[in-house]
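Visitor: Take a look and give me a structure for this.
(one chain, ligands or ions: 1)
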Amino acid sequence: MKLSHRITHITPGGSDGWEVFYKARALKAAGHDITELTIGEHDIRTHPSILDAMHASAKGGHTGYAAVPGTPDLRAAAASRIQARTGVPTTAKNVLITPGGQAALFAAHVAVCNGGDTALYVDPYYATYPGTIRGVGAVPLAIPARPETGFQPRAGDIAQYASGATSLLINTPNNPTGAVYSDTTLAGIADVCRTHDLWLISDEVYDTQIWDGTHLSPRALPDMADRTLVIGSMSKSHAMTGSRVGWVCGPEDVIDHLINLATHTTYGVPGYIQDAALFALNEGRPLEDEISAPFARRRMITETLLATQNIVKASPTHGAMYAMLDIRATGLSGEAFANQLLDTHQIATMPGESFGIAAAGHIRVAMTIDDARYTTSLQTLLDFAKDTAA
Ligand code: PLP
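Guide: So this is what the prediction gives:
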């Protein structure tokens, strides 16, 4: 039987740059001691107090169908967190609770793209972006953000592709680069969106992981609240990756349509997960700071070690749990470097090429193992780079 073009073309096939990751996982499964600096998963588990809240909710009977848009309390809590951070008036009616940020990304594109529409996104990009766009039947078009600009996308580059496009997807703080978009970058992006009548889908799932500067949500920029859909998630901020809870925040009429979409797709998020998320949000900044603290420390370790040598350079790592390392001085591609590092030192990293073309000659290091092992592994990586360059 024939499947739809839409589902068979979510990922185009062929090499996706994730071979090193799969190789590392296979070696690990075969019993090898592999140091994984690959994916964005914390080295801690969900906080016991959040699990207690989840347990109490489930025991208390919140195991039936939950409100499809999200529980009123969780929607309100997410809205007030957003309002407190952005200054944009936000109510529960501006928020749909989703099963994680990924479902929110999909829903946001369903909301704004028709089949065949062009949906822009920035390269380097989070792995699922082009597939998400294809999944809704739209056509992904990547705008490169270059290492020379610290991976900040340039408004002029976006403008070149904007005419006739429907939406632009951005992500700050950024996975994979660790860039935090500057006020100037975001003002330029907002300008292009207004001029070319683009929807802006702003993925802010790393908004608690900022090491330099402050997070600016483009929804707060002039005349942007009506054309911006913000993607949020408890995965990174609260180490709740497995709980699958996040949100889309946007204009009320869009959220109404998205509730309709949720009714016909996910049918909501389990009530005990939502109650756990509510508990976590009510804990406020102290819990968020506790969860982001290890990455802040490891980012300092990264800077300190990189300063001791001059082969590997880091892009400015201002946020998120990753460091994007420029290994071009070794003469290797990111892919060759990552493969050789895995083969010779059992350290797995992600080639920059896994995230598009703009981060070629780089590797992404996820700062997701304990400080001592992180320090040793990074030192080994730097020594390997030095030997390779020699
Ligand atoms: N957006 C970005 C940039 C991510 O890095 C991730 C996960 O790694 C997600 C969205 C999806 O996160 P989740 O679906 O766990 O909320």
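Visitor: Could you break this protein into its assigned domains?
Guide: For the chain, the structural domains run 5-45+286-389, 64-283, going by automatic domain parsing.
Visitor: can you dump the C-alpha coordinates of stretch 45-56 into CSV?
Guide: Extracted in CSV, the C-alpha atoms of stretch 45-56 (Å, rounded to 0.1, in the frame of the first residue of the first chain):
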residue,chain,number,x,y,z
ARG,A,45,17.1,13.2,36.7
THR,A,46,13.8,15.1,37.3
HIS,A,47,13.9,16.7,40.8
PRO,A,48,12.4,14.4,43.5
SER,A,49,10.1,17.1,44.6
ILE,A,50,8.6,17.3,41.1
LEU,A,51,8.2,13.5,41.1
ASP,A,52,6.4,13.7,44.5
ALA,A,53,4.0,16.3,43.1
MET,A,54,3.4,13.9,40.1
HIS,A,55,2.8,11.0,42.4
ALA,A,56,0.5,12.9,44.7
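Visitor: Now that stretch: buried residues?
Guide: For stretch 45-56, a neighbour-count test (16 or more other CB atoms under 10 Å) marks Thr46, His47, Ile50, Ala53, Met54 as buried. C-beta: built from backbone N, CA, C; applies to glycine.
Visitor: swap in stretch 184-192?
Guide: Of all the residues in stretch 184-192, those buried under the rule 16+ other CB under 10 Å are Thr185, Leu186, Gly188, Ile189, Ala190, Asp191, Val192.
Visitor: Likewise for stretch 26-35?
Guide: Buried residues in stretch 26-35, counting neighbours by 16+ other CB under 10 Å, are found at Leu27, Ile34, Thr35.
Visitor: Contacts made by it with the rest, please.
Guide: With CB atoms under 8 Å, 6 or more residues apart in numbering as the test, stretch 26-35 has contacts from Ala24, Glu36, Leu342, Gln346, Ile347, Ala348, Ile369, Arg373, Ser377.
Visitor: List the beta-bridge partners for Trp199.
Guide: Here Trp199 sits in beta bridges with Ser167, as judged by DSSP bridges.
Visitor: For the longest helix along the chain, which helices and strands make contact with it?
Guide: Across the chain, the longest stretch assigned as helix under DSSP state H is helix 285-306. For helix 285-306, the contact count by 3 or more CB pairs under 8 Å, 6 or more residues apart in numbering; DSSP states H and E identifies helix 234-237, strand 313-314, strand 322-326, helix 371-389 as packing neighbours.
Visitor: Identify the residues contacting the residue positioned nearest the centre of the chain.
Guide: Centroid check for the chain by CA atoms, centre = their mean gives Asn175 as the closest residue, at 5.0 Å. Applying CB under 8 Å, 6+ apart to Asn175 gives the contacts Gly40, Tyr126, Tyr206, Ala320, Met321, Tyr322.
Visitor: Tabulate those residues (TSV), appending pLDDT.
Guide: Output for the contacts of Asn175, formatted as TSV (pLDDT from 0 to 100):
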residue	pLDDT
Gly40	89
Tyr126	95
Tyr206	97
Ala320	95
Met321	95
Tyr322	96
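Visitor: Ranking by neighbours, what's the top pick from the residues you listed?
Guide: Tallying neighbours with other CB atoms under 10 Å puts Ala320 at the head of the contacts of Asn175, with 31 neighbours.
Visitor: which residues does that residue contact?
Guide: Taking CB under 8 Å, 6+ apart, one finds Gly40, Pro173, Asn174, Asn175, Gly178, Tyr206, Gln209, Lys236, Phe295 in contact with Ala320.
Visitor: same thing but 7 Å
Guide: Ala320 makes contacts with Pro173, Asn174, Asn175, Gly178, Tyr206, Gln209, as judged by CB atoms under 7 Å, 6 or more residues apart in numbering.
Visitor: would you turn those residues into JSON lines with distance to Phe337 and secondary structure?
Guide: Formatted as JSON lines, the contacts of Ala320 follow (distance: CB to CB, whole Å; DSSP: H, G, I helix; E, B strand; the rest coil):
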{"residue": "Pro173", "distance to Phe337": "24", "secondary structure": "coil"}
{"residue": "Asn174", "distance to Phe337": "21", "secondary structure": "coil"}
{"residue": "Asn175", "distance to Phe337": "20", "secondary structure": "coil"}
{"residue": "Gly178", "distance to Phe337": "18", "secondary structure": "coil"}
{"residue": "Tyr206", "distance to Phe337": "25", "secondary structure": "coil"}
{"residue": "Gln209", "distance to Phe337": "25", "secondary structure": "coil"}
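Visitor: Keep those residues, but drop any that are not near the ligand.
Guide: Applying CB under 6 Å from any ligand atom to the contacts of Ala320, one finds that Asn175 fall near the ligand.
Visitor: right, and out of the contacts of Ala320, which lies closest to Thr8?
Guide: Of all the contacts of Ala320, Thr8 sits closest to Asn175, with 26.7 Å by CB to CB.
Visitor: Ramachandran angles for that closest one?
Guide: Phi and psi for Asn175, reported as degrees, to the nearest 10, are phi -110, psi 120.
Visitor: Give me the pLDDT for it.
Guide: Looking at Asn175, its pLDDT is 97.
Visitor: and what of Asp212?
Guide: Predicted confidence (pLDDT) for Asp212: 87.
Visitor: Provide the secondary structure category for Leu278.
Guide: Under the three-state scheme (DSSP: H, G, I helix; E, B strand; the rest coil), Leu278 adopts helix.
Visitor: For it, which residues are in contact?
Guide: Taking CB under 7 Å, 6+ apart, we find Leu278 in contact with Asp73, Leu74, Ala77.
Visitor: and the stretch 51-200 of the chain, which of its residues are near the ligand?
Guide: Selection of the stretch 51-200 of the chain residues close to the ligand by CB under 6 Å from any ligand atom yields Gly100, Gly101, Gln102, Tyr126, Asn171, Asn175.
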